[in-house]
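1. here's a sequence, model it:
(one chain, ligands or ions: 1)
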Amino acid sequence: MKKILIFGSFGQLGSQLINLLKDEYELIKINHADLDFNKFYLIEDKILKINPDIIINCAALTDVDRCETYKEEAYNVNAEAVKHIIRPLKLTNSYFINISTDYVFNGIKGNYSENDTPDPVNYYGLTKLLGDVYSNSYDNSLIIRTSGIFLNKGFPVFVYKNLVQNKKVTAIPGYYSPISAYNLALAIKYIIPLNRTGILNIAGNKISRYDLAIKVSELYNLNKNIEENNIELTAKRPFDSSLNIDRAKKLIDFNFYDINENLKHMVMK
Ligand SMILES: NC(=O)c1ccc[n+]([C@@H]2O[C@H](COP(=O)([O-])OP(=O)(O)OC[C@H]3O[C@@H](n4cnc5c(N)ncnc54)[C@H](OP(=O)(O)O)[C@@H]3O)[C@@H](O)[C@H]2O)c1
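-> Numbers count the residues shown, from 1 in each chain. Below you'll find the model as predicted:
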C-alpha cells in the first residue's frame, strides 16, 4: 500500500481526500496543530522520517484578506513552507501534488489555461504563485490549480446561511470556477495514479457569483434577496479568474465541473 502524507488534513479539501483515499492508501495526516508551517524549518525532518511515496499539500492561508494584512504569515505558509517540502524530496523521491489557485491570475481575460502567465493582483495570489514556482522546481511534482472550493465554507455556503436567516446577500461582480471539495478530492483520486507532472486545472464551470447565489436560492427554495454590487475588501479580487478545464476533462472520467452536481456536496450547517 502506498503511503500518502497529507498536509492540511482538517481543511475542506484535506478532509475530503482523507475520506476518499483511506481505503486504498496508507494515510499520514498532518494538520496545523501537528506542524505549524510558520515553523517551516521543521518540515524537512518530518518528511524524511515519514518517507512518503506521495505528498499532497492542501495546507494554506486561504483567507485572502488576512494574507493582505499578515504578509509574513502568508509568505511562510503559502510559499516558504513549499520550498521546505520539496527540499527533502530528492532523497525520498516522493511524488508531490501542490494545490494552487485561480488567484495567481489578474482576472482580465478569464478562462485561464495551464499555459497562461500568472500575474496576481493580491498577496494571497503572489504567495501561492511563489509556492508554485518552488513546487515546479522539483521534477516529480504536479500543481493543481483550482477555484472557489466549497464544503462547509465558501461563497455558496455563505449565500445559503444568509438567505436562510433572511439576510441580504451581496455578490461582488465577477466570474470564477467553483468546485465542491468532494468533487475536487474525487478528481484528485483519479489523477494520482496517472503520475502527471507540471500544471493541471481542476475546477468547475465558469459562473458569476451573482448567478451562483441565484442558483443556491432556487435549489433550496429560499428568497432571492441577492444583489450584485462591489464591497470594500482589504485585498483586490481578480474580476474573471475562471479556469479552462479542457485538459482535466480528457483525463477525468466523471462530471466534476457541473455546478448543480457540485452544489449537492455542500454542508449547510
Ligand atoms: N478555498 C478556496 O476557495 C480555494 C480556491 C482555490 C485554491 N485553493 C487552495 O486549495 C487548497 C485547499 O483549500 P481549502 O479550501 O481546503 O483550505 P482550508 O479549508 O482553509 O484548509 C487549509 C488548511 O491549512 C491549514 N493551515 C493554515 N495555516 C497553517 C499553518 N500555519 N500551518 C499548517 N497548516 C495551516 C488549516 O488549518 P487550520 O484551519 O487549523 O488553521 C487548514 O487545515 C489551498 O492550497 C488553497 O490555497 C482554495
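2. all strands of the stretch 51-200 of the chain, in order?
-> Per DSSP state E, counting those that start in this stretch, the stretch 51-200 of the chain carries strands over the ranges 54-57, 95-101, 141-146, 149-150, 169-171, 175-176, 179-180, 198-201.
3. buried deepest among these, which one?
-> Greatest average neighbour count among the strands of the stretch 51-200 of the chain goes to strand 179-180 (a mean of 28), per mean count of other Cβ atoms under 10 Å. Where C-beta positions appear, they are placed from N, C-alpha and C, glycine not excepted.
4. just checking: what are the partner strands of that strand?
-> Here strand 179-180 has these sheet partners by DSSP bridges: strand 149-150 (parallel).
5. picking that back up, can I get the strands of the stretch 51-200 of the chain in CSV including distance to Leu48 and mean pLDDT?
-> As requested, those are exported to CSV (distance: least, Cβ to Cβ, whole Å; pLDDT from 0 to 100):
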stretch, distance to Leu48, mean pLDDT
strand 54-57, 12, 98
strand 95-101, 14, 98
strand 141-146, 17, 98
strand 149-150, 30, 98
strand 169-171, 46, 98
strand 175-176, 38, 98
strand 179-180, 33, 98
strand 198-201, 26, 98
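6. as TSV, those strands with distance to Ile30 would be great.
-> Below are those laid out as TSV (distance: least, Cβ to Cβ, whole Å):
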stretch	distance to Ile30
strand 54-57	10
strand 95-101	14
strand 141-146	18
strand 149-150	19
strand 169-171	35
strand 175-176	29
strand 179-180	23
strand 198-201	23
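7. so which of those is nearest Pro238?
-> strand 175-176 (8.3 Å; Cβ to Cβ).
8. how distant is the closest one from the center of its chain?
-> The gap between where strand 175-176 is centred and where its chain is centred comes out at 14 Å by Cα atoms, centre = their mean, to the nearest Å.
9. got the contact list for it?
-> Contact partners of strand 175-176, identified using Cβ atoms under 8 Å, 6 or more residues apart in numbering, comprise 102, 110, 147-148, 206-209, 239-242.
10. restrict those residues to those near the ligand?
-> Restricting the contacts of strand 175-176 to those touching the ligand (Cβ under 6 Å from any ligand atom) yields 102, 147-148.
11. which of these ranks first by neighbour count?
-> Neighbour tally across those (other Cβ atoms under 10 Å): the maximum, 26 neighbours, falls on Asp102.
12. that one is in contact with Leu129, isn't it?
-> No: counting by Cβ atoms under 8 Å, Asp102 does not reach Leu129; the two are 11.4 Å apart.
13. all helices of the stretch 101-250 of the chain, in order?
-> Listed from the start of the chain, the stretch 101-250 of the chain has helices (DSSP state H, counting those that start in this stretch) covering 123-136, 155-164, 181-191, 209-219, 246-251.
14. return the residues of the stretch 51-200 of the chain in contact with the ligand.
-> 58-62, 77, 99, 101-102, 128, 146-149, 154.
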